[in-house]
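Student: sequence first, predicted coordinates after that:
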Amino acid sequence: MDWNSDIIKSLSWPAAISNIESKQKLAEQIAAKVRSGNIIGVGSGSTCYLALLAISQRIKNEQLNIMAISTSIEIALTCSSLGIPITSLYEHRPDWYFDGADEVDPNSHLIKGRGGAMFKEKLMMNASQQNFIIVDHSKLVDKLGSKFPIPVEVFPTALMNVEAKLKTLGANEILLRAAQGKDGPVISENGNLILDVKFDHIEKDLEIKIKSITGVIESGLFQNQLVEIIVG
Ligand code: 5RP
């Protein structure tokens, strides 16, 4: 039986999408990779949202049989509204994964997590056999940290411990991400807090150092991942 949910039927991306023409081209490139039978990991953010729209068109036109594994509630709801079947890492390993990014440096190292979904995004990237990062030109930087802080997801009662340890790693600004549409801080997909952290210099082992702090669930620094970057 169908829910016939008005909420699901009226879902759309909640804000204006920046660089939408480039993102739409990237969406078409991702949709062209889909083969019937694929299990596809889906990242979060507006570029992934547009890619899902393009994939759903191919599913309809060509009767493709695919399943998605989402990295956020936002993307799970989008799959539901588009009629794209969802599975999980319990049932399946993704054949491939696509995601956006906030910054990409010349070594294909990334900053992600503006949307707060970096824990499941990194998990999916690790689990998947092939990873595509789709970015418009505005995301390319010479040096990570040029435009975005590094998001760090923190177990709530570890907040002050993590703050103190981040300072010893050289953090020069640490902000607790505030919610919009709710009082107080952002609560992540996993019920945790998010710190936005700036460093003067991002060393090549900073991802590992941040991860080793007790209380850190994950960071949005992706320095050690196998990814193929597609620039639109
Ligand atoms: C979400 C992310 C997004 O991939 C990143 O913020 C890019 O978003 P957009 O495609 O909307 O520009 O990491 O956690």
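Tutor: Sure thing, it's come through. The structure presented is a predicted model; accordingly, all values stated were derived computationally and were not measured.
Student: any idea what Trp96 is bridged to?
Tutor: Ile40 (DSSP bridges).
Student: how distant is the longest helix seen in the chain from the center of its chain?
Tutor: Longest helix of the chain, by residue count under DSSP state H: helix 46-62. Put simply, helix 46-62 sits 17 Å off its chain's centre (CA atoms, centre = their mean, to the nearest Å).
Student: contacts for it?
Tutor: 13, 15, 17-18, 20, 23-24, 26-28, 30-31, 34, 36, 40, 42, 64, 66, 68, 74-75, 78-79, 82-84, 98-100, 134-136 (CB atoms under 8 Å, 6 or more residues apart in numbering). Just so you know, the C-beta spots here come from the backbone N, C-alpha and C atoms, and that holds for glycine as well.
Student: surely Lys25 is in contact with Gly232?
Tutor: Yes - using CB atoms under 8 Å, Lys25 makes contact with Gly232 at a distance of 4.7 Å.
Student: these two - which one has more neighbours?
Tutor: Gly232 (19 against 15; other CB atoms under 10 Å).
Student: what is the mean pLDDT for stretch 162-172?
Tutor: For stretch 162-172, the mean pLDDT works out to 98.
Student: in which helix or strand would I find the spatially closest residue to Glu203 that is not a sequence neighbour?
Tutor: Nearest residue to Glu203, sequence neighbours excluded (CB to CB, 6 or more residues apart in numbering): Lys209, at 7.9 Å. Lys209 is located in helix 206-211, with elements delineated by DSSP states H and E.
Student: what is the rounded mean pLDDT of that helix?
Tutor: Per-residue scores along helix 206-211 average to 98.
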